[in-house]
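> need coordinates for the below:
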Amino acid sequence: MRLLNKNDQRLIKIICDTLHINLNEISLEKNIADISSWDSLKSLQLMTVIEKAYKIKIPLYKFIQIKNIKDIMVLVNGKNNATK
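Residues are numbered from 1 along each chain as shown. Here you go, the predicted structure:
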């Protein structure tokens with residue numbers, strides 16, 4: 001995995017904790033369908049945890065378009081930059 005800034009590291013930790021996976025099971029390009037604990041309920045739970053952690057609101061239609069971990073980072077980083 002590429003060198004991540006603190007914000008990205010925090011987000012990866014949130015993803016791992018919410019999905020109950022180890023850091024070595026995740027990569028930026030990993031398709032979310034390949035994460036065994038990912039399902040619709042976990043998806044909504046993850047979205048809620050991210051919204052609370054970053055104090056942002058993520059439109060559901062954008063979150064369901066996510067294909068991989070990098071998409072989550074782009075979405076969250078874009079929201080963070082928009083709210084500053």
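> tell me, how many neighbours does the residue nearest to residue 71 when sequence neighbours are not counted end up with?
Nearest non-adjacent residue to residue 71, counting by CB to CB, 6 or more residues apart in numbering: residue 65, 7.4 Å away. Placement of C-beta: from N, CA and C, glycine included. Using other CB atoms under 10 Å, residue 65 has 10 neighbouring residues.
> okay, helices next: where are they in this structure?
Along the chain, counting by DSSP state H, helices occupy 6-19, 40-54, 60-63, 69-82.
> and of those helices, who's closest to residue 25?
Across the helices of the chain, residue 25 has its closest neighbour in helix 6-19 (7.8 Å, CB to CB).
> could you give the average pLDDT over that closest one?
For helix 6-19, mean pLDDT rounds to 93.
> one more: stretch 59-67?
92.
> what's the spatially most central residue of the chain in contact with, if anything?
By CA atoms, centre = their mean, the chain has its centre lying nearest to residue 72, at 4.1 Å. Contacts here follow CB atoms under 8 Å, 6 or more residues apart in numbering; on that basis residue 72 touches 11, 15, 50, 66.
> one step back: nearest to residue 28, of the helices of the chain?
Ranking these by proximity to residue 28 (CB to CB) places helix 69-82 first, at 4.2 Å.
> ok now the closest one, how far from the chain's centre?
Put simply, helix 69-82 sits 8 Å off its chain's centre (CA atoms, centre = their mean, to the nearest Å).
> just the buried residues of that helix, please?
Within helix 69-82, the residues that qualify as buried are 69, 71-73, 75-76, 79, counting by 16 or more other CB atoms under 10 Å.
> and the least confident of those?
Out of the buried residues of helix 69-82, that is residue 79, at 70.
> ok, the closest residue to that residue other than its chain neighbours - how many residues close by?
Leaving out its chain neighbours, the residue that sits closest to residue 79 by CB to CB, 6+ apart is residue 56, at 4.2 Å. Residue crowding around residue 56 was assessed by other CB under 10 Å; the count is 15.
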